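1. Quick check, what structure comes out for this input:
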Amino acid sequence: MSDSETNWIDSRLEEGVRIVTITVGRLNPKVHLRKEFAQTLADAVAAGDRRFVLNLSQVRYTNHTYGILQLAFTAGNVLHGTGSRIAVCGLKGHPRRAYLFSDIEQFIPEFRTKRRAVAHVSQPVLA
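-> Numbers count the residues shown, from 1 in each chain. The predicted structure follows:
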């Protein structure tokens, strides 16, 4: 297995926001395990992180059974009830069309740039 297959998630704190970047162009459900992605998010929540940006700028292809839609659903499930805010950024081409078509944006907003996504999740939550 190559490094790109085993190191497909980059998670780092920037400006108080947990940026989770998917570093592969195409997700393979046999290699890029959903539970690994969920654990990355759960570990960040356990460490106290509550602001997340899912950077998908390197993803070039998705299918409808596994890919960015599955990542968004997994993120929603892990972060539900934690008081966390999440946004997606960097989508282009086919992955962006699939994301918008699925209407997930009503739950996890999508921004073209990481800067705008960070600004969104950094806003105070209105009660």
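2. center of this protein - which residue?
-> To find the centre residue of the chain, average its C-alpha atoms and take the closest one (CA atoms, centre = their mean): that gives L54, at 2.8 Å.
3. give the contact list for it.
-> Neighbouring residues of L54 by CB atoms under 8 Å, 6 or more residues apart in numbering: V20, I22, L71, A72, A75, I86, A87, V88, C89, I108. Glycine gets a C-beta too; all of them are placed from N, C-alpha and C.
4. can we see that at 6 Å?
-> Neighbour list for L54: V20, V88 [criterion: CB atoms under 6 Å, 6 or more residues apart in numbering].
5. which SS state does it fall under?
-> State at L54, reduced to three classes by DSSP: H, G, I helix; E, B strand; the rest coil: strand.
6. Show the low-confidence segments of this structure, by residue range.
-> With pLDDT under 70 as the threshold, the chain has low-confidence stretches at 1-6, 64-66, 125-127.
7. Can you show me the strands along it?
-> Defined through DSSP state E, the strands belonging to the chain, from first to last, are 9-14, 17-22, 51-55, 85-89, 110-111.
8. and of those strands, who's closest to H120?
-> Among the strands of the chain, strand 85-89 comes nearest to H120, with 4.9 Å by CB to CB.
9. Show me which residues of the closest one are buried.
-> Using 16 or more other CB atoms under 10 Å as the burial criterion, the residues of strand 85-89 that qualify are R85, I86, A87, V88, C89.
10. Any idea how many residues pack against the closest residue to L41 other than its chain neighbours?
-> Nearest residue to L41 in three dimensions, chain neighbours excluded: V78, at 4.4 Å (CB to CB, 6 or more residues apart in numbering). Residue crowding around V78 was assessed by other CB atoms under 10 Å; the count is 20.
11. which stretches of this structure form helices?
-> Taking DSSP state H as the test, the helices found in the chain are 3-6, 34-46, 68-79, 93-102, 114-122.
12. nearest to Y61, of the ones you listed?
-> Nearest to Y61 among the helices of the chain is helix 93-102; the distance by CB to CB comes to 6.1 Å.
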